[in-house]
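S.K.: sequence below, structure please.
(one chain, ligands or ions: 3)
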Amino acid sequence: MVEKNSEPSAQERAGRPFPVSWDQFHRDCRALTWRLNEVGPFHAVIAITRGGLVPAAIVARELGLRVIDTVCVASYDHDKQGDLKVLKGISEQTAKLGGGTGKGLLIVDDLVDTGKTGKLVRELLPDAHFATVYAKPKGRPLVDTFITEVSQDTWIFFPWDTALSFQPPIRDGAA
Ligand SMILES: O=P(O)(O)OC[C@H]1O[C@H](OP(=O)(O)OP(=O)(O)O)[C@H](O)[C@@H]1O
Ligand SMILES: O=c1[nH]c(=O)c2nc[nH]c2[nH]1
Ligand SMILES: [Mg+2]
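M.R.: Ligands and ions are numbered 1, 2, ... in the order given. So this is what the prediction gives:
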């Protein structure tokens, strides 16, 4: 629950909603894979959890990759970003595939916003290729390949975080 007089959340600051359906997300992940297919081949896919798990599954399927690892990062508590914590790094086996620096490894996340998460993972694997489906301007320089740029004041609503609900008619004051 959000307390009264608390700082506005990142989502409140962003203001502009950008809802993404499962269909749209799947299409955008496939579009991302078309681009990645020109860059690879890759030895393995690394998903930044949790948001990177869904695009990583789709990208791995399309690229025919079966070695999939995770970097588990916690930062946003719903929509407020706190200190970043790496809860789990990549396995020794995956690290070996990337020669210790991540060369030939593909890191996938759903988006970059401030770029803090991307920066942290890039420091762990400097030579890996970093791909996201969406990018906001602050995080964009960290990403090697992405599909759609949205403005910094946009909040992306992913299909796994949302559900269909009634919307009041625009005439009655809907956003
Ligand atoms: O560029 P940044 O400002 O660092 O924000 C981007 C990160 O924020 C979200 O993850 P979150 O920390 O909310 O965790 P989740 O993936 O488990 O939902 C998103 O999935 C990215 O990983
Ligand atoms: O669901 C989300 N949408 C966003 O726009 C965002 N930015 C950081 N973390 C985010 N999570
Ligand atoms: Mg995430």
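S.K.: is ligand 1 within reach of the one helix or strand in the chain whose mean pLDDT sits lowest?
M.R.: Least confident element among the helices and strands of the chain, by mean pLDDT, DSSP states H and E: helix 10-14 (a mean of 73). No: judged by Cβ under 6 Å from any ligand atom, helix 10-14 stays clear of ligand 1, getting no closer than 7.5 Å. Any C-beta I mention is one placed from the backbone N, CA and C, and that applies to glycine too.
S.K.: what does stretch 65-80 give?
M.R.: Yes: using Cβ under 6 Å from any ligand atom, we find that stretch 65-80 touches ligand 1 at 75-76.
S.K.: buried ones in that stretch, by neighbour count?
M.R.: 65, 68-71, 73, 76 (16 or more other Cβ atoms under 10 Å).
S.K.: follow-up on the earlier one: and the least confident helix or strand of the chain, what does it pack onto?
M.R.: Packing contacts for helix 10-14, counted by 3 or more Cβ pairs under 8 Å, 6 or more residues apart in numbering; DSSP states H and E, involve strand 154-157.
S.K.: mind telling me what element the residue of the chain found nearest ligand 1 is part of?
M.R.: Closest to ligand 1 within the chain is Gly51: 2.7 Å, counting by Cβ to the nearest ligand atom. Taking DSSP states H and E as the definition, Gly51 sits outside all helices and strands.
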